[in-house]
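Participant: Mind folding the following:
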Amino acid sequence: MPKVTYITPDGTKHDVELENGYSIMEGAINNNIEGIVAECGGACACATCHSYVDEAWLDKIPEMDDMEDSMLDAAFERKDNSRLTCQIEMHDGLDGIVIHVADNEY
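Facilitator: Next comes the predicted model:
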């Protein structure tokens, strides 16, 4: 199974195996990764799964759609590499992706 490395705001690294087809948000929720709140359950209706995709992986994930872009406008400290993890589906090509969890509990 492909692996995701989540880095929480305190700098702690969590390596998690995630089945293909699951969102990176689901992997965080299922493994109790601190900082991924996911209040809407993955419906792209909040910004509480906001994270920063490591720069090396940005060209390997799909471009965000207008809905995600709009939701990210509500995120705290949006950056160029900000994404909603509910919108990134895991597949073998993302094995090793690094996700820096944003401070979503403000």
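Participant: So which residue is smack in the middle of this structure?
Facilitator: residue 85 (2.7 Å; Cα atoms, centre = their mean).
Participant: can you pull the pLDDT of it?
Facilitator: pLDDT, residue 85: 98.
Participant: List phi and psi for it.
Facilitator: phi -70, psi -20 (degrees, to the nearest 10).
Participant: send the alpha carbons of the host helix or strand of residue 68 over as CSV?
Facilitator: Using DSSP states H and E, residue 68 maps to helix 66-72. C-alpha atoms of helix 66-72 as CSV (Å, rounded to 0.1, in the frame of the first residue of the first chain):
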residue,chain,number,x,y,z
ASP,A,66,-13.2,26.0,-8.2
MET,A,67,-15.0,24.6,-5.2
GLU,A,68,-11.8,23.7,-3.4
ASP,A,69,-10.3,27.0,-4.3
SER,A,70,-13.3,28.8,-2.8
MET,A,71,-13.2,26.8,0.4
LEU,A,72,-9.5,27.4,0.8
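Participant: which is the next helix or strand following it?
Facilitator: Counting by DSSP H and E, what follows helix 66-72 is strand 82-84.
Participant: Quick check: which helices or strands does that next one pack against?
Facilitator: strand 50-53, helix 66-72 (3 or more Cβ pairs under 8 Å, 6 or more residues apart in numbering; DSSP states H and E). No exception for glycine: its C-beta is placed from N, CA and C like everyone else's.
Participant: most neighbours per residue, which of these?
Facilitator: strand 50-53 (a mean of 24; mean count of other Cβ atoms under 10 Å).
Participant: mind listing what it pairs with, with the direction of each?
Facilitator: strand 82-84 (antiparallel), strand 97-101 (antiparallel) (DSSP bridges).
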